[in-house]
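K.L.:
Task: produce atomic coordinates for the following.
(2 chains)
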Amino acid sequence: AQSVTQLGSHVSVSEGALVLLRCNYSSSVPPYLFWYVQYPNQGLQLLLKYTSAATLVKGINGFEAEFKKSETSFHLTKPSAHMSDAAEYFCAVSEGNRGSTLGRLYFGRGTQLTVWP
Amino acid sequence: KAGVTQTPRYLIKTRGQQVTLSCSPISGHRSVSWYQQTPGQGLQFLFEYFSETQRNKGNFPGRFSGRQFSNSRSEMNVSTLELGDSALYLCASSPEAGGGGAFFGQGTRLTVV
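P.N.:
Sure, this is the predicted structure:
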């Protein structure tokens, strides 16, 4: 069984400060890992994905994440926060259906990011 | 390329009624999944369809069902609605290779009164 833990349901940073959102996962096989962002009354937007290529993954809007197998972590970072980054962020994992479809995504409970001016 | 389209965006139904939600995936995507999002339970997987076949199913009662058509469009149905079914229902489409990720629609906000 897979699971995702996001440490910290709320994170607050000042504009221009480093953003660090933590995600740890459990998976019995090499996983696919994703970060999504959700703005109020919207669906989920894919920020970035890890699919067993480079361990440092760059995404949209200046975000990046590093896959660390030894720590079973996939933390999301951004060097300098912007007011527009305020949203809820979800980490997700999937084992995939052995090379075919994506299969079920297991989501963390989300981290609400607040950016102060 | 158009994104995932879900209709309707908002829906109010009465307990005991049934409801059908629709999802049109990104062109070329043959895999469609459905998720329920609530404040209490977070994001929960309902089911995944590929080429008109259900590939995976989450832990939901039989009142929740879905189907996929030959053009990859999908519908989900909830019968005998309960107050607890009030949620944001999200549809996602994926390219055939799993690592491509899932691309979500705006969701359908269902309120059961």
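K.L.:
strand partners of the one helix or strand A:Leu20 maps to, parallel vs antiparallel please.
P.N.:
When elements are defined using DSSP states H and E, A:Leu20 is found to belong to strand A:19-26. The partner list of strand A:19-26 in its sheet, established with DSSP bridges, is strand A:3-7 (antiparallel), strand A:73-78 (antiparallel).
K.L.:
after it, next one along is what?
P.N.:
Beyond strand A:19-26 in the direction of the C-terminus, DSSP H and E gives the next helix or strand as strand A:32-38.
K.L.:
That next one and chain B, are they touching?
P.N.:
Yes: on the criterion C-beta under 8 Å from any C-beta of the partner chain, strand A:32-38 is in touch with chain B at A:32, A:34, A:36. All C-beta atoms are positioned from the backbone trio N, CA, C, and that covers glycine.
K.L.:
most surrounded residue in those residues?
P.N.:
When neighbours are counted by other C-beta atoms under 10 Å in any protein chain shown, A:Phe34 leads the residues of strand A:32-38 next to chain B with 29 neighbours.
K.L.:
That one and A:Ala92, how far apart?
P.N.:
A:Phe34 sits 5 Å away from A:Ala92 when distances are taken as C-beta to C-beta, to the nearest Å.
K.L.:
which neighbours do those two share?
P.N.:
Here A:Phe34 and A:Ala92 have A:Leu105 as joint contacts, going by C-beta atoms under 8 Å, 6 or more residues apart in numbering or on different chains.
K.L.:
Skipping adjacent residues, who's closest to the most centrally placed residue in chain B in space?
P.N.:
Centrality entry for chain B: nearest residue to the mean C-alpha point is B:Trp34, 3.3 Å, by C-alpha atoms, centre = their mean. In this structure, B:Trp34 finds its nearest non-sequential neighbour in B:Leu46, 4.1 Å apart by C-beta to C-beta, 6 or more residues apart in numbering or on different chains.
K.L.:
and what of A:Leu7?
P.N.:
The nearest residue in space to A:Leu7 (C-beta to C-beta, 6+ apart) is A:Arg22, at 4.1 Å.
K.L.:
show me what contacts the nearest residue to A:Gln6 once chain neighbours are set aside?
P.N.:
The spatially closest residue to A:Gln6, leaving aside those adjacent along the chain, is A:Gly108, at 3.6 Å (C-beta to C-beta, 6+ apart). For A:Gly108, the contact set (C-beta under 8 Å, 6+ apart) comprises A:4-6, A:23, A:90-92, B:42.
K.L.:
try 6 Å
P.N.:
Under the criterion of C-beta atoms under 6 Å, 6 or more residues apart in numbering or on different chains, the neighbours of A:Gly108 are A:4, A:6, A:90-91.
K.L.:
Verify the contact between B:Val4 and B:Gly105 for me.
P.N.:
Yes: with contact taken as C-beta atoms under 6 Å, B:Val4 and B:Gly105 are classed as touching, separated by 3.7 Å.
K.L.:
Can I take it that A:Ser70 is in a strand?
P.N.:
No: membership of A:Ser70 in a strand is not supported by DSSP: H, G, I helix; E, B strand; the rest coil, which gives helix.
K.L.:
So which residues on chain B come close to chain A?
P.N.:
With the criterion set to C-beta under 6 Å from any C-beta of the partner chain, chain B comes near chain A through B:31, B:42-43, B:45, B:50, B:55-56, B:90, B:94, B:98-99, B:101-102, B:104-107.
K.L.:
A:Pro79 and A:Ser14, how far apart?
P.N.:
Spatial separation of A:Pro79 from A:Ser14 under the definition C-beta to C-beta is 13 Å.
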